[in-house]
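Visitor: Sequence first, then the predicted structure, then my questions.
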Number of protein chains: 2
Amino acid sequence: MQQLLAHLANFHHLSTTAREAIQACVTETVHAKNDMLITQGQVCRNLYFLEKGCLRGYYHLEGKEITHWFGFEQDFVTSFHSFTTGQPSVENIQLIEGSVLWSISREALLKLLDEHHELERLVRIAYEKYYLRLEERYVNAQFRTAAERYEQLLEQSPHILERAPLGYVASYLGISQETLSRVRGRI
Amino acid sequence: MQQLLAHLANFHHLSTTAREAIQACVTETVHAKNDMLITQGQVCRNLYFLEKGCLRGYYHLEGKEITHWFGFEQDFVTSFHSFTTGQPSVENIQLIEGSVLWSISREALLKLLDEHHELERLVRIAYEKYYLRLEERYVNAQFRTAAERYEQLLEQSPHILERAPLGYVASYLGISQETLSRVRGRI
DNA sequence: GACGGTTTTTGACGGATGTCAAAAGAAACT
DNA sequence: AGTTTCTTTTGACATCCGTCAAAAACCGTC
């Protein structure tokens, strides 16, 4: 819990009343490896904060699983599209390791924003950071060869390679597992 | 100007005082085809609203120009990373057609948010939409063949194909102009 | 309607990578 | 240690696509 509040305070100052309001409406959950946090077709009603563990977001395309993001300690995670629009999720969120999560429902979050106006700014700043990360990932995806994309990842996010199985990483890079294996062998 | 205010009102209710404050700090500019709005290396200090016209954001990678987004009427545009962090832009923004833009500086925007608290929420909602669009683009980029990515674009954003030269569209799809030309010929 | 410049198309070729299938290696369980 | 199961590697082959170069189509201007 302290982790979550400390993380939020990085974005913007937090008053005591806001802290207390947040504490009152988030709840802790523990999940085992390979558990599904969200399954395609469900509406994702919660925003999660990952205190301990590791997970991935993936969807199905052309008969394959495409892992498009990984989450680690201190990350906010949700099926963003479903959470913001209320439509069924097109993606799945699955635990890669046993994990500890804090969660808040969309309704509770909106109520929180209504009652503690200062938090609007905090959320806005969190979105900015979120957006920059997505943009960076997108740019990296433009590198032509598998080897280049792999080296980018190795440099920028080595923790992904250490904690996620090869197949997930391969689809994250947009290549087959076999190709990733070969590329890795050469380096 | 009415277009801009009407567009903002789509996100969230706008009070009269907020409207007036906005009017007071945005300015209109007109640009000719092929003008550069932002050049790589500059800090992008403004957020723009595109009233009329069409432009693209691109950057250089491995000796090629990568167009990674297009902007059209009613879009907010900026070099997002530079604008939010104050660091030099890694991307260029260039007009594809002669265009009419409204702009506001980062300082003026932050002042506006401080003085009109209600606008924080509006900006937060605008970010949500922005983010969803980026995510969608990212997912489309995962289709395996050039033909599939082209057909996705044809379905979801035919206006891009109507208004942007082939070479820009090709790099947007992550393929060569020649391949795009062939794909298009087959369909 | 002829000219120059720009954009798009066509052709030939090689390389990177996906696919399928099987082998090898690790980890988990008894 | 032995068996099962999961993950990673290796091999062979087809194909999609990038590159380079040249031709064709398009467009505005004189």
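Guide: Done, it's in. Residues are numbered from 1 along each chain as shown, chains lettered A, B, ... in the order given.
Visitor: Please name the nearest non-neighbouring residue to the most far-flung residue of chain A relative to its centre.
Guide: Here chain A has its C-alpha centre computed as a mean, and the residue farthest from that point, by Cα atoms, centre = their mean, is A:Arg186 with 30.4 Å. Residue nearest to A:Arg186 in three dimensions, not counting chain neighbours: A:Ala147, with 7.3 Å by Cβ to Cβ, 6 or more residues apart in numbering or on different chains. Every C-beta, even on glycine, is put in place using the N, C-alpha and C of the backbone.
Visitor: List the residues that contact the one you found.
Guide: Counting by Cβ atoms under 8 Å, 6 or more residues apart in numbering or on different chains, A:Ala147 touches A:Val183, A:Arg186, A:Ile187.
Visitor: these two touch, right, the first one and A:Ala146?
Guide: Okay, so that is A:Val183. Yes. Checked against Cβ atoms under 8 Å, the pair A:Val183 and A:Ala146 is within contact range at 5.3 Å.
Visitor: what do the two both touch?
Guide: With Cβ under 8 Å, 6+ apart as the test, A:Val183 and A:Ala146 both reach A:Ile175.
Visitor: could you check the distance from the residue nearest to A:Arg186 over to chain B?
Guide: A:Ala147 is 12 Å from chain B, where distance means Cβ to the nearest Cβ, to the nearest Å.
Visitor: Is the host helix or strand of that residue in proximity to DNA strand C?
Guide: Using DSSP states H and E, the secondary-structure element containing A:Ala147 is helix A:146-156. Yes. When contact is scored as Cβ under 7 Å from any atom of the strand, part of helix A:146-156 falls within range of DNA strand C: A:Ala146, A:Ala147.
Visitor: Let me know the average pLDDT across that helix.
Guide: Mean pLDDT, taken over the full extent of helix A:146-156, equals 93.
Visitor: swap in stretch A:38-52?
Guide: With pLDDT averaged residue by residue, stretch A:38-52 scores 95.
Visitor: just to revisit the earlier point, and for whatever helix or strand comes next after the helix holding A:Ala147, what's in contact with it?
Guide: Following helix A:146-156 in sequence order, the next helix or strand is helix A:158-163 (DSSP H and E). Under the contact criterion Cβ under 8 Å, 6+ apart, helix A:158-163 has outside partners A:Cys54, A:Phe70, A:Phe72, A:Ile96, A:Glu97, A:Leu153, A:Leu154, A:Val169, A:Tyr172.
Visitor: Quick check: the farthest pair among those?
Guide: By the measure Cβ to Cβ, the contacts of helix A:158-163 have their two most distant members at A:Glu97 and A:Leu154, which lie 20.7 Å apart.
Visitor: can you map out the helices along chain A?
Guide: Listed in chain order, the helices of chain A (DSSP state H) span A:2-11, A:16-25, A:80-85, A:106-115, A:118-140, A:146-156, A:158-163, A:166-173, A:177-186.
Visitor: can I get the ones you listed in a markdown table with distance to B:Pro165?
Guide: Rendered in a markdown table, the data for those read as follows (distance: least, Cβ to Cβ, whole Å):
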| stretch | distance to B:Pro165 |
| --- | --- |
| helix A:2-11 | 41 |
| helix A:16-25 | 50 |
| helix A:80-85 | 31 |
| helix A:106-115 | 42 |
| helix A:118-140 | 22 |
| helix A:146-156 | 27 |
| helix A:158-163 | 37 |
| helix A:166-173 | 30 |
| helix A:177-186 | 33 |
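Visitor: which stretch among those comes nearest B:Phe76?
Guide: helix A:118-140 (12.6 Å).
Visitor: How about the closest one and DNA strand C, touching?
Guide: No. Helix A:118-140 is not in contact with DNA strand C by Cβ under 7 Å from any atom of the strand; minimum separation 13.6 Å.
Visitor: Show me which residues of that helix are buried.
Guide: By neighbour count, and taking 16 or more other Cβ atoms under 10 Å in any protein chain shown as the criterion, the buried residues in helix A:118-140 are A:119-128, A:131, A:134-135, A:137-140.
Visitor: Show me what it is packed against.
Guide: If contacts are counted by 3 or more Cβ pairs under 8 Å, 6 or more residues apart in numbering or on different chains; DSSP states H and E, helix A:118-140 sits against helix A:2-11, helix A:106-115, helix A:146-156, helix B:80-85, helix B:118-140.
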